[in-house]
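*Asks:* Mind looking at a prediction? Sequence and model below.
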Amino acid sequence: MAEVGNIPRLTVEHLAPHARPMAVLKKSEPSAPIGVFDSGVGGLSVLSEVMKQLPNEDVIYLADTARVPFGGRPVQEIIKINHQILNFFSRQGVKMVIMACGTSSAIAYPKVKAEYKFPIISMIEPGARAARMATKNKIVGVIATQNTIDSGAFQDALWIEDKVKEVVAEACPLFVPLIEGGFIEAEETKKVAEEYLKPHIKAGVDTLILGCTHYPHLRKILHAIIKAELIDPAVEVAKEAKGVLSKKHLNKTDPAPGHYTYYVTSNPLQFETLGSKLLGRAIVGVKHVEL
Ligand code: DGL
């Protein structure tokens, strides 16, 4: 028994096994799945990259569709939602969680990253790193949700290493409802995008971070409006996830293709329909879960 002064202190080893926190009982196994989450279909842009770079890993994807969009919610609420989601993944026995959500990464990640036994990957530093590497004129744009822009997370990460001299950051609050509504290539979406990108075009950004995971679904229309390299942080995020798994000897050893399980907090059918279209492969058997 550990002692502090003369007072014996109970440690977890003294608890009956059933009373110990799960973190003490279970060590992550290479065969365990990776958790990937977002408020909705946005995180599928990250899942798609995970499928490419980590094709044999099993993934549990959670879309908190009952609470989409996250982007304008109070900070404390986003942290609470993140705890509920991470606790869900903890119960599922995942070996890693990828926050496939810029808003969660900007707001909740700094608070929750050390609270769980599994590593958590955020969108921010990988996205900023990709932009720092890509920019030539050192003028970088960021588009993301209101919360992400207000947090300054991408802006702060861009200043590192003196690779950037100007950052143009704009919130695009209408994008997520338009994407979740399926208006991916609608005229209205194009008009809204033209408005949102005016400051970036005016400033001459040569690199634009798609700082909300929904936005890569708009790549085609954004590309037609602005002449800049569009950075989808997902590419670096999947690379980082792969590196962390290797370092921790947690890569799945079975080479069989990964198995994908989907959960939503509202209507499974709606997610199956739009999700399949955006992911470019059939999403079936989506389950409903209460967090
Ligand atoms: N796709 C998420 C993000 O990257 C969430 C957007 C939202 O729900 O507002 O920020």
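*Replies:* Perfect, thanks for sending it.
*Asks:* Going along the chain, name the strands of the stretch 101-250 of the chain.
*Replies:* With DSSP state E, counting those that start in this stretch as the criterion, the stretch 101-250 of the chain has strands at 120-121, 139-144, 166-171, 207-210, 229-231.
*Asks:* L174 contacts A193, correct?
*Replies:* No: counting by CB atoms under 8 Å, L174 does not reach A193; the two are 9.2 Å apart. Glycine gets a C-beta too; all of them are placed from N, C-alpha and C.
*Asks:* who's more crowded, the two?
*Replies:* Neighbours were counted for L174 and for A193 using other CB atoms under 10 Å; A193 has more, 21 against 15.
*Asks:* give the contact list for that one.
*Replies:* Residues in contact with A193, defined by CB atoms under 8 Å, 6 or more residues apart in numbering, are C172, F175, L218, I221, L222, I225.
*Asks:* One more pass at 10 Å, please.
*Replies:* A193 is in contact with I143, C172, L174, F175, L178, Y215, L218, I221, L222, A224, I225, I226, counting by CB atoms under 10 Å, 6 or more residues apart in numbering.
*Asks:* The ligand versus the most centrally placed residue in the chain, what's the distance?
*Replies:* By CA atoms, centre = their mean, the mean C-alpha position of the chain lies nearest to A100, the distance being 1.6 Å. Distance from A100 to the ligand, counting by CB to the nearest ligand atom, to the nearest Å: 7 Å.
*Asks:* How about A157?
*Replies:* Distance from A157 to the ligand, by CB to the nearest ligand atom: 15 Å.
*Asks:* residue contacts, that residue?
*Replies:* For A157, the contacting residues are 106, 122, 124-129, 131-132, 142, 164, 167, 209, by CB under 10 Å, 6+ apart.
*Asks:* Find the helix or strand that Y263 is a member of.
*Replies:* Secondary structure from DSSP states H and E places Y263 in strand 260-264.
*Asks:* again but with F37, I slipped
*Replies:* Short version: F37 belongs to strand 34-38, going by DSSP H and E.
*Asks:* right, and the helix or strand after that strand?
*Replies:* helix 44-53.
*Asks:* Does that next one reach the ligand?
*Replies:* No: using CB under 6 Å from any ligand atom, helix 44-53 stays clear of the ligand, coming no nearer than 8.5 Å.
*Asks:* now stretch 212-227
*Replies:* Yes: using CB under 6 Å from any ligand atom, we find that stretch 212-227 touches the ligand at C212, T213, H214.
*Asks:* any idea how far V41 is from the last one?
*Replies:* The reference is to H214. Applying CB to CB, to the nearest Å, the value for H214 to V41 is 7 Å.
*Asks:* again, but for F88
*Replies:* 18 Å.
*Asks:* higher neighbour count, those two?
*Replies:* More crowded of F88 and V41, by other CB under 10 Å: V41, with 28 against 21.
*Asks:* what residues are up against that one?
*Replies:* Here V41 is in contact with 47, 63, 65, 68, 176, 179-180, 182, 213-214, 217, 264, 270-271, 274-279, 283 (CB under 10 Å, 6+ apart).
*Asks:* what do you get for T207?
*Replies:* 130-142, 158, 164, 200, 228-231.
*Asks:* Hmm, L197 and I225 touching each other?
*Replies:* Yes: under the criterion of CB atoms under 10 Å, I225 makes contact with L197 at 5.3 Å.
*Asks:* More neighbours: which of those two?
*Replies:* Per other CB under 10 Å, whichever of I225 and L197 has more neighbours is L197, with 21 against 16.
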